[in-house]
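>>> sequence below, structure please.
(one chain, ligands or ions: 1)
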Amino acid sequence: MKLLVKAPAKINLSLDVLYKREDGFHELEMVMTTVDLADRVELELIKDDRIIIQSQTRFVPDDERNLAYKAAKILKDKFNINTGVSISIEKHIPVAAGLAGGSSDAAAVLRGMNKLWDLGLSIDELAKIGAEIGSDVSFCVYGGTALAKGRGEVITPLPPPPNCWVVLSKPSIGVSTGEVYEHLDVNTVNHPSTQSMVRAIHNGDYESMCNNLGNVLESVTLTRYPEVKNLKEDMKRFGADAVLMSGSGPTVFGLVQHDSRMQRLYNGLRGYCNQVYAVRILGKKNELL
Ligand code: ATP
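Now for the predicted structure:
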């Protein structure tokens, strides 16, 4: 039996780090939304008691380090399943880009294996299991748009944001999330207003959404990687209404409403950047398969 599951990328419309907790994790407040750029995860039941990962992409591990492997393993262990699964991942989401590609693959495996192994888990139960794999996995189980708190696992769903194009551009550099958090000083940075972003989304107010885009991690990444800062400036020059870095970067996204502005921004960036995508926000939550 086979199943194909879509694993969409996420962007952060707002990302705030409130403080470092006693357990060493950071207390976060993020507004996230899924966009129409997705990996394709194909799941096939096998009789052997093992998990096989296939991915043709460089930098994506094909063993137990893959988050999709971890997702299958956690379900296998929790529910004493003694058959296996072959997981084939067709990557379209740039890797280590701040777009939660790995977390979304893991979430797709949780949703898909819930169906294939007939586990009968609710979406909330799957999201809870997802939190054991990584901080973005819970959100990726639900998809759509949400406010995420705690380490990212306390999810409050939000309505779809105002309709617009999201033009994503990833400079060809790697950014280590750990390194970015290490250099973040939560006491001196400007914090975005999560509440204002949530309000803008509830009100369907595009202008206010643009005005309230904010990511506290930009303070580190933009200083350490001037390429990202330059890219943000270029995007504004090419006509984006608002521009922000997603996650810890290095992907930057620009918002525009009109098709002609999207084309201008897209073409301008394509001139010198390999990885550029013009996508829509995915308003709807993921289906529980
Ligand atoms: P986030 O936005 O959640 O910080 P990211 O977009 O920065 O995530 P990912 O693309 O999820 O980063 O990958 C980060 C690292 O995780 C990669 O360098 C890779 O080695 C590892 N990894 C494990 N599983 C996967 C997967 N299924 N797809 C991509 N990378 C994976």
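>>> give me the element the one residue in the stretch 101-250 of the chain that gets nearest to the ligand is part of.
Using CB to the nearest ligand atom, the closest approach of the stretch 101-250 of the chain to the ligand is made by G102 at 2.8 Å. Every C-beta, even on glycine, is put in place using the N, C-alpha and C of the backbone. For G102, the element it lies in under DSSP states H and E is helix 101-116.
>>> could you identify the helix or strand that succeeds that helix?
Following helix 101-116 in sequence order, the next helix or strand is helix 123-131 (DSSP H and E).
>>> for that following helix, packing partners?
The helices and strands touching helix 123-131, judged by 3 or more CB pairs under 8 Å, 6 or more residues apart in numbering; DSSP states H and E, are helix 67-78, helix 101-116, helix 137-142.
>>> please repeat the previous calculation with a cut-off of 10 Å.
Helix 123-131 sits against helix 67-78, helix 101-116, helix 137-142, strand 154-158, with contacts defined as 3 or more CB pairs under 10 Å, 6 or more residues apart in numbering; DSSP states H and E.
>>> may I see the buried residues of it?
Using 16 or more other CB atoms under 10 Å as the test for burial, helix 123-131 gives 123, 126-127, 129-131.
>>> domains for this protein, by residue range?
2-158, 165-280 (automatic domain parsing).
>>> so for N286, which of those sits nearest?
domain 2-158 (3.6 Å; CB to CB).
>>> what about the closest one, distance to the chain center?
On the basis of CA atoms, centre = their mean, to the nearest Å, domain 2-158 sits 10 Å off its chain's mean C-alpha point.
>>> now the terminal residues of that domain, how far apart.
Using CA to CA, to the nearest Å, one end of domain 2-158 lies 32 Å from the other.
>>> one more: stretch 253-260?
Start-to-end span of stretch 253-260 (CA to CA) is 17 Å.
>>> just the mean pLDDT for it, thanks.
What stretch 253-260 shows for mean pLDDT is 97.
>>> if we can go back for a sec, including mean pLDDT, mean neighbour count and distance to P8, could the helices and strands packed on helix 123-131 go into JSON lines?
What follows is the helices and strands packed on helix 123-131, written out as JSON lines (pLDDT from 0 to 100; neighbours: other CB atoms under 10 Å; distance: least, CB to CB, whole Å):
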{"stretch": "helix 67-78", "mean pLDDT": "98", "mean neighbour count": "21", "distance to P8": "15"}
{"stretch": "helix 101-116", "mean pLDDT": "98", "mean neighbour count": "27", "distance to P8": "6"}
{"stretch": "helix 137-142", "mean pLDDT": "98", "mean neighbour count": "28", "distance to P8": "8"}
{"stretch": "strand 154-158", "mean pLDDT": "97", "mean neighbour count": "15", "distance to P8": "16"}
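>>> quick one: the ones you listed as TSV, columns for distance to T34 too.
What follows is these, written out as TSV (distance: least, CB to CB, whole Å):
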stretch	distance to T34
helix 67-78	17
helix 101-116	8
helix 137-142	8
strand 154-158	12
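>>> what's the closest of these to G254?
Nearest to G254, of all the helices and strands packed on helix 123-131, is helix 101-116, at 19.8 Å by CB to CB.
>>> mind picking out the helix or strand in the chain with the poorest mean pLDDT?
helix 177-182 (a mean of 92; mean pLDDT, DSSP states H and E).
>>> now that helix, how far from the centre of its chain.
Distance of helix 177-182 from its chain centroid, counting by CA atoms, centre = their mean, is 17 Å.
>>> and it, which residues are buried?
Across helix 177-182, burial judged by 16+ other CB under 10 Å covers 180-181.
>>> who's in contact with L3?
Applying CB atoms under 10 Å, 6 or more residues apart in numbering to L3 gives the contacts 41-45, 85, 108, 111-113, 115-116, 289.
>>> now render these as JSON lines, adding distance to the ligand.
Output for the contacts of L3, formatted as JSON lines (distance: CB to the nearest ligand atom, whole Å):
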{"residue": "V41", "distance to the ligand": "9"}
{"residue": "E42", "distance to the ligand": "13"}
{"residue": "L43", "distance to the ligand": "13"}
{"residue": "E44", "distance to the ligand": "17"}
{"residue": "L45", "distance to the ligand": "20"}
{"residue": "V85", "distance to the ligand": "14"}
{"residue": "A108", "distance to the ligand": "9"}
{"residue": "R111", "distance to the ligand": "15"}
{"residue": "G112", "distance to the ligand": "14"}
{"residue": "M113", "distance to the ligand": "15"}
{"residue": "K115", "distance to the ligand": "19"}
{"residue": "L116", "distance to the ligand": "18"}
{"residue": "L289", "distance to the ligand": "18"}
